[in-house]
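Student: Below is the structure, and that's it, no one-letter string:
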């Protein structure tokens, strides 16, 4: 079924986190329509095994393909780490993840060749950021740290004050001791905690947010394919979820930085 | 298929939390075999809608029934809140939840008639504890508070120190102001945070842990049916999961308070 979203950019994530990528797409590509799928019945992916994540990611991609999207963005670090290659092999449209753009930006930013990466357990265990960084520059030392509490903190809306700062201090102290000068926020939830993370690590460490880098790569990809919308047509934005739309709208607003309206439940 | 676990007590939860109930069953009914299913591919249930939780709970019950269990314990507050009645209607064996035993214990403990209940968003929104308490004593005032960060804190193993105390203080201050004298730990994860919660609320508030109350009701139920194992046969304990067994064994140990061995992956 190809419906009204035909020609849109399709994005999916396990939940609300990928809305930070939608926000960047809407900022950098204001004429492009988007259709976002949050697999909220199966959230989170970050604690699940690679084979389970691949199974869920394939199901998400199928839902978006049925909407006729022209470009697929895996707007979730865990799914990018595990499922990008299987999706690229099986789909006929270009597939972008958030790991490669984040890695590129980190390589461009570091001066001392010591890069930290924070993310979910699944992302860090996969070692995908390290691999992507080493493909670009094998001399860079990469220090990974899983920070499982950051996702529930962001979703709870506890993004400033003593609790996020205490959690950030506990997670990030070993990365500071490792002498990194660049820190990749390797989870789409983490931009909401940017202030607490920045306070904890101090000014000497540059934070890399992969959402913005991913939107930039999406623009380049559409340009290369001649598929970028360059007229002033009104873009449409759709949201699909696999669990109740209500809490998605409520929690998602902070991630999209605007209201999340017309959320549709899909069963898959 | 009825296999070697025939006649065991079946328990399920979305993840590792229900192992606190297994621990109490093993303490109070040492001759009974158990088979525990952690639906780790779909964890957590606490943020999901009632219809999704009912669907998952029914699938879990089916897996345990195929193992020939004689008694089903829904060892998860969220699933107890949403799925207990549908399961009782569809199954031929007795089905126990953790909400009713916890409510009974709270009613027995309170002196001033003001009871607090903490749990996941799903449990608190369901209002099931309030309903169960009011069935026993309509005069008791019930104050519910969702504490979404307690589950990831317990799973991260951050059960003492400044972070859990700061989180507990932030969540529990309004319950303290409400003048409760009894607080139900309405989530199977929370016993791990009992010390931080107790420190935060102080000595004047009695904590109710529903896992122990549930094991007591299980014993009474088996006695009433004449199905309690009263000889000294060696009990067997099996663990099934829907995602990777490795992290379940690792994280589960703190919940069971002993090693979690021989974890089997089941696909459903």
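Tutor: Everything's here; your move. It should be emphasised that the depicted structure is a prediction, and the values quoted were computed from it without experimental measurement. Residues are numbered from 1 along each chain as shown, chains lettered A, B, ... in the order given.
Student: Every contact and neighbour count from this point should use C-alpha atoms.
Tutor: Fine.
Student: what helix or strand is residue A:22 on?
Tutor: helix A:19-28 (DSSP states H and E).
Student: make that residue A:40, sorry
Tutor: For residue A:40, there is no host helix or strand (DSSP H and E).
Student: Quick check: residues of chain A near chain B?
Tutor: Counting by C-alpha under 8 Å from any C-alpha of the partner chain, chain A comes close to chain B at A:40-44, A:48-49, A:52, A:148-149, A:152-153, A:156, A:162-163, A:166-167, A:243-244.
Student: how many other residues sit next to residue A:159?
Tutor: Counted by other C-alpha atoms under 10 Å in any protein chain shown, the residues lying close to residue A:159 total 21.
Student: Could you do the one 4 residues further on as well?
Tutor: A count of neighbours around residue A:163, defined by other C-alpha under 10 Å, yields 20.
Student: Which elements pack onto the helix or strand that it is a member of?
Tutor: Element membership for residue A:163, per DSSP H and E: helix A:162-177. In terms of contacts (3 or more C-alpha pairs under 8 Å, 6 or more residues apart in numbering or on different chains; DSSP states H and E), helix A:162-177 is packed against strand A:141-146, helix A:150-156, helix A:194-201, helix B:162-177.
Student: Could you list the buried residues of the helix or strand just after the third one?
Tutor: Beyond helix A:194-201 on the C-terminal side, the first helix or strand identified by DSSP H and E is strand A:206-209. Taking 16 or more other C-alpha atoms under 10 Å in any protein chain shown as the basis for neighbour counts, the residues of strand A:206-209 that come out buried are A:206, A:207, A:208, A:209.
Student: Tell me which residue of chain A lies closest to chain B.
Tutor: Residue nearest to chain B within chain A (C-alpha to the nearest C-alpha): residue A:42, separated by 5.3 Å.
Student: need the contact list for that residue.
Tutor: A:14, A:56, A:242, B:41, B:42, B:43 (C-alpha atoms under 8 Å, 6 or more residues apart in numbering or on different chains).
Student: Distance of the first one relative to residue B:43?
Tutor: If I follow you right, that is residue A:14. Using C-alpha to C-alpha, to the nearest Å, residue A:14 is found at 12 Å from residue B:43.
Student: Mind listing the shared neighbours of those two?
Tutor: A:42, A:43, A:44.
Student: Now do the helices in chain A.
Tutor: A:19-28, A:50-65, A:77-90, A:99-109, A:121-126, A:128-136, A:150-156, A:162-177, A:194-201, A:210-225, A:245-256 (DSSP state H).
Student: export these to CSV and tack on mean pLDDT?
Tutor: Output for the helices of chain A, formatted as CSV (pLDDT from 0 to 100):
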stretch, mean pLDDT
helix A:19-28, 95
helix A:50-65, 96
helix A:77-90, 95
helix A:99-109, 97
helix A:121-126, 90
helix A:128-136, 97
helix A:150-156, 93
helix A:162-177, 96
helix A:194-201, 96
helix A:210-225, 93
helix A:245-256, 92
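Student: Save those as CSV, and put in distance to residue B:225 too.
Tutor: What follows is the helices of chain A, written out as CSV (distance: least, C-alpha to C-alpha, whole Å):
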stretch, distance to residue B:225
helix A:19-28, 53
helix A:50-65, 40
helix A:77-90, 48
helix A:99-109, 57
helix A:121-126, 45
helix A:128-136, 55
helix A:150-156, 43
helix A:162-177, 49
helix A:194-201, 57
helix A:210-225, 59
helix A:245-256, 43
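Student: which one of those lies closest to residue B:106?
Tutor: Closest to residue B:106 of the helices of chain A is helix A:150-156 (C-alpha to C-alpha; 27.8 Å).
Student: can you give me the offset of the closest one from its chain's centre?
Tutor: Centroid separation for helix A:150-156 versus its chain: 15 Å, with C-alpha atoms, centre = their mean, to the nearest Å.
Student: what comes into contact with that helix?
Tutor: A:159, A:164, A:167, A:189, A:190, A:192, A:193, A:251, B:148, B:149, B:152.
Student: Which residue, other than its chain neighbours, is closest to the fourth one?
Tutor: To tie it back to what came earlier, the one meant is residue A:189. Distances taken as C-alpha to C-alpha, 6 or more residues apart in numbering or on different chains place residue A:17 nearest to residue A:189, at 4.7 Å, with adjacent residues excluded.
Student: so who does that neighbour touch?
Tutor: A:75, A:76, A:187, A:188, A:189, A:252, A:255.
Student: which helices and strands sit right next to the helix holding residue A:22?
Tutor: Using 3+ C-alpha pairs under 8 Å, 6+ apart: helix A:19-28 touches strand A:34-38, helix A:210-225, helix A:245-256.
Student: Sweet, I'm off.
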